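Student: Give me a model of this one.
(chains A, B, C and D)
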2 protein chains.
Amino acid sequence: MNQAISSQSTGNAVESILEAAEKLFAEQSFAAVSMRQIGDQAGVSKANVFHHFGTKDKLYKSVIQRIIQASTKLLDELDSGEDDYRSRLSRFNHGHLNNILSNCQGACLLLQESMAIRSGHGQQMAAELLGKQFNRLVNLIDMGQQAGELRKNMDPAMVASMLVSANLFFFNALPIIAHLDTVDFANNPDKYAKGVIDLLFNGIAAGGQEG
Amino acid sequence: MNQAISSQSTGNAVESILEAAEKLFAEQSFAAVSMRQIGDQAGVSKANVFHHFGTKDKLYKSVIQRIIQASTKLLDELDSGEDDYRSRLSRFNHGHLNNILSNCQGACLLLQESMAIRSGHGQQMAAELLGKQFNRLVNLIDMGQQAGELRKNMDPAMVASMLVSANLFFFNALPIIAHLDTVDFANNPDKYAKGVIDLLFNGIAAGGQEG
DNA sequence: TAATTCGCTGACCGACCGGTCGGTCAGCGA
DNA sequence: TCGCTGACCGACCGGTCGGTCAGCGAATTA
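Tutor: Now for the predicted structure:
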């Protein structure tokens, strides 16, 4: 075993390759990463990467699938409890942001794969997942409306869009924003998530209630 | 002139190369695009691309600079008028979203370049621009607070974050979201921008005023 | 023990990469 | 007319790419 290489903690080559590929693909891009790099990072030969995954494209899709499974699992665990809808939305929001931040590489890949113009290799897989998660959130807000807890003259999908986007932005623009002197919520995800819920519920107009 | 190639409308080779490079870099990635592709797309030889820009890296940075200049110019034109702060924020929001949608390629490149983990070639240039634009928006909201038009127990930077992120999300997740049956604001940027302002000002809690 | 399978590897291939080079050609000031 | 310049090109360089393949050692099976 070589000390210079990272993963391969389990001795399982397949898992080592997947971890290495996810990291490299996220940090760079599909085209920028070579199969040799992935093999080196995983502590195996380039030929072995091909042995297990056939082609670079299949390896990439396996990486995306793996991220999707992990993400879905994490989000499923959030769906318990029967509080008021403000609590449920808040819990979803905190969970969503934490999921993103606890798996930056995966989030980065999915976000990149979801970009419009881009000709991604796993675009429809990523789209399917994000669509599902988005719909789930929309339904939650819709139920809040029907329960009379949220005002009715608004579009639930738009609220969902703002919630999800706020978290994605926090994750991927953090290093840019962190050093601005106008910002003090950087490196404090919980404070950010709480603030988002407060603003979204109470609005920013003067005279609104507080969170 | 070849019909298969796109730009070169002006006959200016440099401009043709920049346009071709922006398109290809946005649709794919820095590594995925070859100098030969760029030359072909621009209707010039690969050697000529090197003649004008030296290296692939310099060409890429020129593309980013060009996008930044266009973006800054567009945003500067929004800073006129002295209405109430709701109108000013609304105008900024519509303008910001329109800027993004009218230059998808540029927005795509800047967004990609601003990603956290990513090791981009024009990262700090993109970060500088986004930081400036962000600070400008924060100041606008801050002034609204001091004028008493916006409630004071909230973080202006967080509001700015939510505004910007909502637009970025709309732009880059549109194709994913468009076909969901829960969504009806797709392909209607003005409706979306108006809804964002409404939600942000009035909140979603039952009992809030309408927009 | 002999045969077979399995995970894995180094050597190798054609294609393409970023970048360079020698050279052509139109235009321009003297 | 001359010398010079910059835009432009085809051909080429060393190097790396994705992908293939015969074969190795260690298990597994008969």
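Student: contacts for stretch A:23-30?
Tutor: Outside stretch A:23-30, the residues within contact range by Cβ atoms under 8 Å, 6 or more residues apart in numbering or on different chains are A:33, A:37-38, A:41, A:56, A:60, A:63, A:104-106, A:108-109, A:112, A:120-121, B:29-32, B:117-119. Using the backbone N, CA and C atoms, a C-beta is placed for each residue, glycine as well.
Student: Now with 7 Å, please.
Tutor: A:33, A:37-38, A:41, A:60, A:63, A:105, A:108-109, A:121, B:29, B:31-32, B:117-119 (Cβ atoms under 7 Å, 6 or more residues apart in numbering or on different chains).
Student: check whether that stretch contacts DNA strand C.
Tutor: No: using Cβ under 7 Å from any atom of the strand, stretch A:23-30 never reaches DNA strand C; the gap is at least 12.8 Å.
Student: does that stretch come close to DNA strand D?
Tutor: No: residues of stretch A:23-30 contacting DNA strand D under Cβ under 7 Å from any atom of the strand: none, with a closest distance of 8.2 Å.
Student: just how off-centre is that stretch within its chain?
Tutor: Here the centre of stretch A:23-30 is set off from its chain's centre by 15 Å, with Cα atoms, centre = their mean, to the nearest Å.
Student: cool, stretch A:37-51 as well?
Tutor: Worked out by Cα atoms, centre = their mean, stretch A:37-51 lies 27 Å from the chain centre.
Student: which of the residues in that stretch are buried?
Tutor: A:37-44, A:48-49 (16 or more other Cβ atoms under 10 Å in any protein chain shown).
Student: just to revisit the earlier point, just the buried members of the contacts of stretch A:23-30?
Tutor: A:33, A:37-38, A:41, A:60, A:63, A:105, A:108-109, A:121, B:29, B:31, B:117-118.
Student: Confidence-wise, which of those residues comes last?
Tutor: Minimum pLDDT across the buried ones among the contacts of stretch A:23-30 is recorded for residue B:117, with 77.
Student: That one: which element?
Tutor: Following DSSP states H and E, one finds residue B:117 outside all helices and strands.
Student: Now that it has come up, it's in contact with residue A:106, right?
Tutor: No: using Cβ atoms under 7 Å, residue B:117 is not in contact with residue A:106, being 10.7 Å away.
Student: Where do the domain boundaries of chain A fall?
Tutor: A:13-54, A:65-202 (automatic domain parsing).
Student: By mean pLDDT, show me the worst of these.
Tutor: domain A:65-202 (a mean of 88).
Student: What is the end-to-end distance of that one?
Tutor: Using Cα to Cα, to the nearest Å, the end-to-end distance of domain A:65-202 comes to 38 Å.
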